[in-house]
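J.: Fold the following and give me the result.
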Amino acid sequence: MRYIWYLGKLSGWDDSTRSKSFALRLPKADSLLPHQILNEVASISMISARCPNILVPKIYASSAEGPNPFVAQEYIDGEPLSTIWNRYTETEKHSVALTIAEIIVDMGETRFSAIGGFVSGTSTLGPTVEGSKIFKGRDKFHSNRCYPIGPHKTTKEYILACYDKEIYYYTHAPASDIDSDLFEHTSLEDFVQHLRDKRRELETSFVAEDEPFVLVHGDFHGRNIIMQGTRVQAVLDWEFAGAYPLGELLGGMGVDVLEVEDEESDAENTLWSREIVRRVEETARQRGWGRKELTSLLGNGDPILGYARVEMFPAEQ
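T.: Okay, the predicted model is just below:
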């Protein structure tokens, strides 16, 4: 989460919001402004219009520009799934697992024409907004002046832009932002050359099959799912949402339903994460998904795409 949260009462921007509880979110210093706030607001607007079964908080007011950017959104009364999970009975856990699976399939059925973030009030996509773009000072370079930030018409175009991002970062970031421990066995210059060589190889010889581009939350886990009893009240934190290849929706992983603190909680989380994935497959089959899309949804994702989407450093070569 890249926001600081405050709770309060609205004095009223208009009659519809007067005297309602709200959550005020102030972005941290390394946020991708203004795109992060614009993307959050646009994501929630789009989901409200296109995905009625995915509950999201209302946005009362926001500002992405100026010295004090913020999002004021509806306060959702409830508890995070990660907090309440261990109080559920076995039957209740199965019910909630099915609900989460249905939300995931709903996201997989929300399709787009390209890879990108969302732009409020339009049907077009905008810049990608991703958590990997804030690591170690990368937020300073989130601009088309530095590398293509989207939208991207194809998966290959997006992958190449991810390499452009890392090449630009490692050639322009101040030394204080770059972890020198990463370069004990290779020089920074050699690593940058490796990235350039790999990008050139991908550009000339890599063929990426475009999966459907679908709604991906970007941070979907039990802390961002607010519950009242066994009912989902809202899914929060859409700041890193966007349209991405179907294989990235689960990315070979399940959904963390609780905080892993020890072996017991790890075993519980793994058990129910797998159950959610099983329910995702079951739900998608019931809705008529074909074998090819099921394979993309339930697989481990394209490893070349997966590597491109994260922070690149020598240990991952």
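J.: Run through who's touching stretch 101-112.
T.: Among residues not part of stretch 101-112, those counted as contacts by C-beta atoms under 8 Å, 6 or more residues apart in numbering are 50-51, 53-54, 125, 212-217, 220, 232, 235, 243, 246, 249-250, 255, 276-277, 279-280, 282-284, 287, 293, 297. All C-beta atoms are positioned from the backbone trio N, CA, C, and that covers glycine.
J.: so who does D177 touch?
T.: D177 makes contact with K136, G137, according to C-beta under 8 Å, 6+ apart.
J.: Just the buried subset of the contacts of stretch 101-112, please.
T.: The neighbour count (16 or more other C-beta atoms under 10 Å) marks 51, 54, 125, 212-217, 220, 232, 235, 243, 246, 249-250, 255, 276-277, 279-280, 283-284, 293, 297 as buried among these.
J.: Point out the ones among these that are inside strands.
T.: In strands, judged by DSSP state E, the following of these are found: L125, F213, V214, L215, V216, V232, V235, A243.
J.: Can you pull out the residues in contact with the strand or helix carrying Q36?
T.: For Q36, the host element (DSSP states H and E) is helix 35-50. Helix 35-50 is contacted from outside by 2, 27, 31, 54, 56-59, 62-64, 69-71, 73, 110, 117-121, 126-127, 129, 142, 149, 215, 237-242, using C-beta under 8 Å, 6+ apart.
J.: Domains in the protein, by residue range?
T.: Domain ranges of the chain: 3-74, 79-317, per automatic domain parsing.
J.: in the longest helix along the chain, what's buried?
T.: Among the elements of the chain assigned as helix by DSSP state H, the one spanning the most residues is helix 263-286. By neighbour count, and taking 16+ other C-beta under 10 Å as the criterion, the buried residues in helix 263-286 are E268, N269, W272, S273, E275, I276, V277, R279, V280, E281, T283, A284.
J.: G306: which of those residues is nearest?
T.: Using C-beta to C-beta, V277 comes nearest to G306 of the buried residues of helix 263-286, at 17.1 Å.
J.: Now for the residue nearest to E209 when sequence neighbours are not counted, how many residues are close by?
T.: Spatial nearest neighbour of E209, chain neighbours left out: T155 (7.7 Å); criterion: C-beta to C-beta, 6 or more residues apart in numbering. A total of 23 residues lie near T155 under the criterion other C-beta atoms under 10 Å.
J.: For G137, give its distance to P303.
T.: G137 sits 27 Å away from P303, going by C-beta to C-beta, to the nearest Å.
J.: More neighbours: which of the two?
T.: The residue with the greater number of neighbours, taking G137 and P303 and applying other C-beta under 10 Å, is G137; the counts read 15 against 9.
J.: wait, the more buried one sits on P174?
T.: Yes. With contacts counted by C-beta atoms under 8 Å, G137 reaches P174, the gap being 7.3 Å.
J.: related to what we said a few turns ago, just the buried residues from the contacts of helix 35-50, in ChimeraX please.
T.: Buried subset of the contacts of helix 35-50, written as a ChimeraX selection, criterion 16+ other C-beta under 10 Å:
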select :2,27,31,54,56,57,58,59,62,64,69,70,71,73,110,117,118,119,120,126,127,129,142,149,215,237,238,239,240,241,242
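J.: which one of the buried residues of helix 263-286 is nearest E259?
T.: The nearest member of those to E259, counting by C-beta to C-beta, is N269 at 8.3 Å.
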